[in-house]
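1. fold the following for me, if possible:
(one chain, ligands or ions: 2)
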Amino acid sequence: MTNFEYEKNIEKLIIWAKAYYVYDEPLASDEEYDKLARECLEFEKNNPNLAHPNSPNKRVGGYILEGFSKASHLSRMWSQEDVFNTKELEDWIKRASKVENNLEFFIQPKFDGASLNLIYENGLLKQAITRGDGTVGEDVTNNVFTIQSIPLKISEKSLIEIRGEVVIRKNDFEAINQERLKNNEPTFANPRNAAAGSLRQLDPKITAKRKLYFTAWGVGQNNLNFEKTSELMEYIFSLGFEKTPMQELCKDVSEIETIYKKMVEKRDDFSMILDGMVVKINDINTQNSLGYTQKFPRWSCAYKFPAIEKTTQLKDIILQVGRTGVVTPVAIVKPVEIDGAIVERATLHNFDEIERLNLKINDEIIIIRSGDVIPKITKVLKDRRDGSQKEIIKPTLCPDCKSELLIEEIIIKCQNLDCPSRVVNSIIYFASKNCLNIDGLGDKIVELLVKEKKIYDILDLYSLKYEDLENLEGFKEKKINNLLNAIENSKNSDLYRVITALGIEHIGEVASKAICNKFGLNLVDITFEDLTSIDGIGEQMANSFLEFMRVNKNIVLKLFDILSPKVTIKEEAKDNPFKNKTVVVTGTMSKSRDEIKLFLENLGAKVNSSVSKKTDFLIYGEDAGSKYDKALELGVAILTEDEMHSKL
Ligand SMILES: NC(=O)c1ccc[n+]([C@@H]2O[C@H](COP(=O)([O-])OP(=O)(O)OC[C@H]3O[C@@H](n4cnc5c(N)ncnc54)[C@H](O)[C@@H]3O)[C@@H](O)[C@H]2O)c1
Ligand SMILES: [Zn+2]
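-> Ligands and ions are numbered 1, 2, ... in the order given. Model prediction:
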């Protein structure tokens, strides 16, 4: 990098940092920013006298947002030195070992949010300040009063600064962005910007709505007398701060690596974004002898996880017609690797989302992929437009059957019941695992059978014969017999599965179960009042069900005839602590998981497979894993099998 290039790059970094720290609206992905910052750091090391005085490599975070009063921290706040691999971790340890050979490390998860300093005096929360430039930040005390997980009163009476991260859950982040799109406001690029942006609102009422969460990771000025950070943190949690999960002690690189691998594996189980782990030297005396650079403590580092957001480019938009006829745009992007997977597509809920994002073909975009969540476009980098961008045009005709599309507010629909895409997708859904679970009847085969006019609807599946399949490409004797057997075996399925499989709009598995349990095969003739008498079935669901039956009753009756579904009508359970509650079961117990599930369902509980904010109870046995941690983190009531029985 020449001096000229360095100057230009630093200017770019300063602009990017300002957009990120002040406006919570990045102009680049973290990866791009970090890469450029490191290249500049290299230049600064080789040419210390040419280093820019405002280089972001030399300073903590940022600038104060206009409108806030400034406030000083009692002691400085810092950033963290990043390490990205074992080699960099070893180098960091080597440097720290200069003062002490026998190091113990305290590991904490690094949740990605906004840094916050809480000053307590005489046991009362006196002031809350954002990190700002490390010395002076924004006074956000009034906003912080609205955050539930921050105690307003603690039992420690001496003056103390408690520091931590204000974060936002992934679900809440999605919800905020959807709402911002609706209000024509710019979306947040990621949960960190959303947390920072929500904390830094001039109107505390807005902050209160944003469901922020505080997780403590350390202290600033204090009069405590601890020798180890791990003990200090235990004490902080005892004051009423939520205990951070997955804190660990270890003594060498290989142990740190083991924990790193474990945490990376579990990162998707957390409801908040985990972007790395912070490795701290546990002994506080050693910390004091190591001290600080201009920007970070020498006694800790952030061991970063692979990035979940990247910059890429929108190449095209394709249209998919689902089983209900809804036409969804799908973004085709320049392939990009995110956390081990190649991402080539991203969802866009509907055309309004395209409009609100002001997305154009060839735009550079930020895309986020976190765990099992489908990749999403969070940001259009409009300042990078180069003139090659093209408008995305809303379709008026079905991309498949070419019939005219119906535009219902934000939903665009193909209304042709015989539209091949609709037929194909409804059969695929019918055969899918949670519905009739017909092995071997996947997407490609259904497409082929419809294209070759072997089937037109779900009923046709049951009249398929050996001869029909004989001459199809790729179908040999074994495959034909397997498929016909799988179709035959789907007979006698539970009635609720058959109803789920019909794919009635708004009627999923839980609603199907409730309807089938109460009405059995009579469900074809039930009324609006019958339906809405069921707990959890509202007007929209009832209308959708009735409309479906009005149009399709004969098909449904024929299907019942062919399938003879299993009917179990259940009496309503007597009152008990699990009735109408959402329960998750995990680990090994005295009986099989299915038996426990049935037992709970008979008590009127809904048994789900994953823990969320909506979970009421987690029942656990031996070797309970990530579900247990998650329940703990979310504050879900946790019971052993015995405790479950003793509640009844
Ligand atoms: N996209 C952009 O344009 C852009 C611009 C500027 C900065 N950034 C990103 O911001 C990051 C740099 O920001 P930073 O200096 O705030 O560093 P950072 O956020 O990576 O790390 C430091 C912060 O980690 C937090 N933290 C979480 N858990 C912690 C724990 N257990 N112990 C101690 N601290 C903990 C603290 O708030 C601390 O201030 C980089 O990742 C960079 O990519 C991006
Ligand atoms: Zn169509």
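
2. switch to C-alpha atoms for all contacts and neighbour counts from now on
-> Will do.

3. wait, K310 sits on K334?
-> No - with contacts counted by C-alpha atoms under 8 Å, K310 stays clear of K334, the gap being 11.2 Å.

4. compare those two (neighbour count), which wins?
-> K310 (20 against 17; other C-alpha atoms under 10 Å).

5. and the more buried one, that's in a helix?
-> No - under the criterion used here (DSSP: H, G, I helix; E, B strand; the rest coil), K310 is strand, not part of a helix.

6. for it, give me the pLDDT.
-> According to the prediction, K310 has pLDDT 94.

7. tell me how far it lies from Q108.
-> In this view, K310 and Q108 are 25 Å apart by C-alpha to C-alpha, to the nearest Å.

8. cool, and K379?
-> 30 Å.

9. those two: which is more packed in?
-> Higher neighbour count among K379 and Q108: K379, with 25 against 20, using other C-alpha under 10 Å.

10. wondering if the helix or strand where that one lies reaches ligand 1 at all.
-> Element membership for K379, per DSSP states H and E: strand 376-380. No - figure legend: strand 376-380 not in contact with ligand 1 (C-alpha under 6 Å from any ligand atom); closest approach 11.3 Å.

11. just checking, what packs against that strand?
-> strand 341-347, strand 364-368 (3 or more C-alpha pairs under 8 Å, 6 or more residues apart in numbering; DSSP states H and E).

12. what does this protein have sitting close to ligand 2?
-> Applying C-alpha under 5 Å from the ion, we find that the chain lies next to ligand 2 at C398, C401, C414, C419.

13. same thing but at 8 Å, please
-> 321, 325, 397-403, 405, 414-422 (C-alpha under 8 Å from the ion).

14. filter the residues you listed down to the ones in helices?
-> P420, S421, R422 (DSSP state H).

15. among the helices and strands packed on strand 376-380, show me which one is buried the most.
-> strand 364-368 (a mean of 25; mean count of other C-alpha atoms under 10 Å).

16. my read is V607 is in a helix, agree?
-> No - read with three-state DSSP, V607 is strand and lies in no helix.

17. per-residue pLDDT, it?
-> So, for V607, pLDDT stands at 89.

18. repeat that for T293.
-> 93.

19. contact partners for N193?
-> Y20, D24, E25, G113, A114 (C-alpha atoms under 8 Å, 6 or more residues apart in numbering).

20. number of residues surrounding the residue nearest to the first one when sequence neighbours are not counted?
-> Using C-alpha to C-alpha, 6 or more residues apart in numbering and skipping residues adjacent in sequence, the residue nearest Y20 is P26, 4.5 Å away. Using other C-alpha under 10 Å, P26 has 23 neighbouring residues.

21. my guess is P26 meets I15, correct?
-> No - P26 is beyond contact range of I15, at 9.5 Å (criterion: C-alpha under 8 Å).

22. give me phi/psi at the closest residue in space to S609 that isn't next to it in sequence?
-> Excluding the flanking residues, the one nearest S609 by C-alpha to C-alpha, 6+ apart is V584, at 5.9 Å. Main-chain dihedrals, V584, degrees, to the nearest 10: phi -120, psi 140.

23. cool, N102 as well?
-> Torsion angles, degrees, to the nearest 10, at N102: phi -90, psi 80.

24. give me the number of residues near it?
-> Quick note: N102 (other C-alpha under 10 Å) scores 8 neighbours.

25. what sits against it?
-> N102 sits next to no residue when contact means C-alpha under 8 Å, 6+ apart.

26. three-state assignment of W16?
-> helix.

27. surely it touches E25?
-> No - here W16 lies out of contact with E25, judged by C-alpha under 8 Å, at a distance of 9.1 Å.

28. name all residues that make contact with I562.
-> Contacts of I562 (C-alpha under 8 Å, 6+ apart): Y462, K491.

29. doesn't it belong to a strand?
-> No - I562 is assigned helix when assessed by three-state DSSP, not a strand.
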